[in-house]
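> can you look at this prediction? I've put the sequence above it.
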Amino acid sequence: MTEPLLIGLVATALLFDFLNGLHDAANSIATIVSTRVLAPRYAVFWAAFFNFVAFLVFGLHVARTIGTGIVLPAVITDQVIFGALIGAIAWNIITWLAGIPSSSSHALIGGLVGAGVAHAGWNVIMWNGLGKTIGAIFLSPALGLVLALVLVLVVSWIVVRQTPSRVDSVFRKVQFISASAYSLGHGGNDAQKTMGIIAALLFAHGALKGSFYVPFWVVLSCQTAMALGTLCGGWRIVKTMGSRITHLSPFQGVCAETAGSITLFLATGLGIPVSTTHTITGAIVGVGAAKRASAVRWNVAKDIVIAWFITMPAAGAIGAFAYFLYGLT
């Protein structure tokens, strides 16, 4: 592989990471913006900072899963990586324009599987790693929902004797902490997916010596690209996540972000590439349902769930098409 082509593929991967930050900015800032604790222009800087510093907190287990645990490392080629990235980027743009909070993570994994299968058939899939990822599609939002529901009930009992204005004042301050933790979890899990793709590409072409690892320059590049994407915001999706599912108070925002943070921290520690979009959506639904079932706009939640199910196959189909298109050049 020529050096310009390698640089081009790495740049395409970083473009995906930028779009991931742009697309998923809503995950980090929707709750703190919708509760009016921070104005959008300040919230994106807040989230971007914690997205960037996440590599100082977490290991690189998710990057290793993406790089070596979804498809056989032996089938990673320029063409496969190109197909995976185009599949993910195209689906991100489609859903961003439509204002649908789909999963950038599962778009990337779907694109990788689609391109890998197009290259060498179904036997390239590593079902253990892919199975964990598919399982997380269901488990991460469910865990976020349950944790948020429990937190609302527990904290409501603790503050039951406080006046609403006092509760609102306290949780407006606490939400800075919970929003920071969620942005940290988002940066820790999501940026690692692109790290894994770039490291797999470098490893396949002998640019990494010894066993698979993620070079530090790749870590910094991916965290920077994601932070820059977050700075540019994703206002269409912020509206959906922050107000169209349910209306949030600072108290509810803290519970949703804390539930989401716990879920992401657990998944990242276990090396499971989960969807931050799925996680925070489940948590927001949980805090809304804790108030009353009718507080949740279930038709909006239903549309989001449908997007979850079609993301991987749709991105996979686009990835396979891009793989074959690359072969014609």
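That came through fine.

> for the stretch 151-300 of the chain, which residues score under the pLDDT cut-off?
For the stretch 151-300 of the chain, the stretches flagged by pLDDT under 70 are 233-247, 292-300.

> can you give me the strands for it?
Under the criterion DSSP state E, counting those that start in this stretch, the stretch 151-300 of the chain carries no strands.

> out of everything not next to it in sequence, what's closest to Ile81?
Leu201 (5.1 Å; C-beta to C-beta, 6 or more residues apart in numbering). (Each C-beta comes from the backbone N, C-alpha and C, glycine too.)

> and the one you found, what does it touch?
Residues in contact with Leu201, defined by C-beta atoms under 8 Å, 6 or more residues apart in numbering, are Leu6, Leu9, Val10, Ala13, Ile76, Asp78, Ile81.

> of all pairs in those residues, which one is the farthest apart?
Distance extremes for the contacts of Leu201: the farthest pair is Val10 and Ile76 at 13.7 Å, using C-beta to C-beta.

> which stretches of this protein form helices?
Remark: helices assigned in the chain by DSSP state H are 3-34, 40-52, 61-68, 78-98, 104-120, 127-158, 164-204, 216-232, 235-239, 250-270, 276-291, 298-327.

> which one of those lies nearest to Gly210?
Nearest to Gly210 among the helices of the chain is helix 164-204; the distance by C-beta to C-beta comes to 9.7 Å.

> where's Ile280 relative to Leu231, distance?
19 Å (C-beta to C-beta, to the nearest Å).

> er, Ala225 actually
11 Å.

> the more surrounded of these two?
For Ala225 versus Leu231, neighbours defined as other C-beta atoms under 10 Å are more numerous around Ala225 (24 against 19).

> not counting sequence-adjacent ones, nearest residue to the more buried one?
Per C-beta to C-beta, 6+ apart, closest to Ala225 is Asp17, 3.9 Å.

> mind listing what Asn58 touches?
Wrong residue type there; residue 58 is Phe, not Asn. Contacts for Phe58 (C-beta under 8 Å, 6+ apart) come out as Gly188, Asn189, Gln192, Thr268, Gly269.

> and for the last one, the neighbour number?
Okay, so that is Gly269. Neighbour count for Gly269, taken as other C-beta under 10 Å: 14.

> my read: it touches His61, true?
Yes: counting by C-beta atoms under 8 Å, His61 is a contact partner of Gly269 at 7.1 Å.

> nearest the middle, which residue of this structure would you pick?
Relative to the mean C-alpha position of the chain, the nearest C-alpha, by C-alpha atoms, centre = their mean, is the one of Thr276, at 3.9 Å.

> make sure that residue is actually in contact with Ser105.
Yes: taking C-beta under 8 Å as the definition, Thr276 is a contact partner of Ser105 at 7.3 Å.

> shared neighbours of those two, anything?
Common contact partners of Thr276 and Ser105 (C-beta under 8 Å, 6+ apart): Asn189, Asp190.

> could you count how many residues lie near His205?
His205 has 15 nearby residues by other C-beta under 10 Å.

> do you know how far it is from Ile197?
When C-beta to C-beta is the yardstick, His205 and Ile197 sit 13 Å from each other.

> list the contacts for Ala227?
For Ala227, the contact set (C-beta under 8 Å, 6+ apart) comprises Gly21, Ala48, Phe49, Asn51, Phe52, Gly187.

> once you drop chain neighbours, what's closest to Thr31?
For Thr31, ignoring the flanking residues on the chain, the nearest one in space by C-beta to C-beta, 6+ apart is Gly253 at 4.0 Å.
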